[in-house]
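J.: Provided below for reference: sequence and predicted model.
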Amino acid sequence: MKSIIFLAVLAVVSGRHLKIDELEYGYCEGAHEPLTFDDISIAPFPIVVADGAEITIHILVTLLEDVPVGAKVKLEIVKEGIINLPIPCIAIDGINIGSCEYDGQSLLDSFADFLCPNYFPEGQECTLPVHPGQYGGEPLTLTLPDIPELIVDLLASGTYRIRLYALLADDTEETCIQVRVELA
């Protein structure tokens, strides 16, 4: 009986420890630092994942080095808990969601309507290579569309750690950025 009570207390304490009250971000330990984080915020926090929910993102970074043609982004997403749960790459309606790898130019093309030219410095086209300068600016409010139940179930409330690896065309790691976020 004592062991059951101990495990229950451990589960409660562990669950409380994992919950965060603000966005956490920075470089992974030992990572190269090719940009500065000037201002990053997200509201509401925790982020509500629901049909029609609004999320306001404010990002301002200064890129110190070129992002070359052929660059890629690899995501590793883990739901934190007593046992961490890696989120796999899942294709839903032709869109890869989760711990996936993405082509840099394809990402720029996919988000060009949001990003370009408003969040790029003057003279920088919405294409690779991306040159040094300040990126971001005014807050961007996104309204979540109808979300398939599979995604809502997959992204149940909790704390998530996201590692974003910037890769060069030959798969060499350029940098690693880690983010922790709370979903509700």
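T.: Yep, it's here. Bear in mind that the values here come from a model prediction, so they are computed numbers and not experimental data.
J.: Please make it C-alpha for all contacts and neighbour counts, starting now.
T.: Noted.
J.: which residues does the residue minimising distance to the centre of the chain bridge with?
T.: The centroid of the chain falls nearest to residue 162 when counting by C-alpha atoms, centre = their mean (5.7 Å). Beta-bridge partners recorded for residue 162 (DSSP bridges): residue 77, residue 179.
J.: can you start the count at 16 instead of 1 from here on
T.: Okay, residue one is now 16; in that scheme the one you just asked about reads as residue 177.
J.: Just list the residues touching it, thanks.
T.: Contacts for residue 177 (C-alpha atoms under 8 Å, 6 or more residues apart in numbering) come out as 90-93, 193-195.
J.: Name the nearest of those residues relative to residue 110.
T.: residue 90 (14.3 Å; C-alpha to C-alpha).
J.: Please verify my assumption that that closest one contacts residue 115.
T.: Yes - the criterion here is C-alpha atoms under 8 Å, and residue 90 meets it with residue 115 at 5.4 Å.
J.: Let me see the confidence value for the residue nearest to the centre of the chain.
T.: Looking at residue 177, its pLDDT reads 97.
J.: Could you do residue 172 as well?
T.: pLDDT at residue 172 comes out at 82.
J.: burial of it, as a residue count?
T.: Using other C-alpha atoms under 10 Å, residue 172 is surrounded by 16 other residues.
J.: My guess is it contacts residue 95. True?
T.: No - the pair residue 172 / residue 95 is not scored as a contact, 10.7 Å apart, by C-alpha under 8 Å.
J.: Which parts of this structure are strands?
T.: Using DSSP state E, the strands of the chain run over residues 39-42, 50-58, 69-78, 87-94, 100-102, 105-107, 110-112, 116-118, 148-151, 155-158, 173-182, 188-198.
J.: Now distance to residue 132 too, for these, in CSV please.
T.: Formatted as CSV, the strands of the chain follow (distance: least, C-alpha to C-alpha, whole Å):
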stretch, distance to residue 132
strand 39-42, 25
strand 50-58, 19
strand 69-78, 14
strand 87-94, 21
strand 100-102, 33
strand 105-107, 29
strand 110-112, 24
strand 116-118, 20
strand 148-151, 10
strand 155-158, 13
strand 173-182, 22
strand 188-198, 24
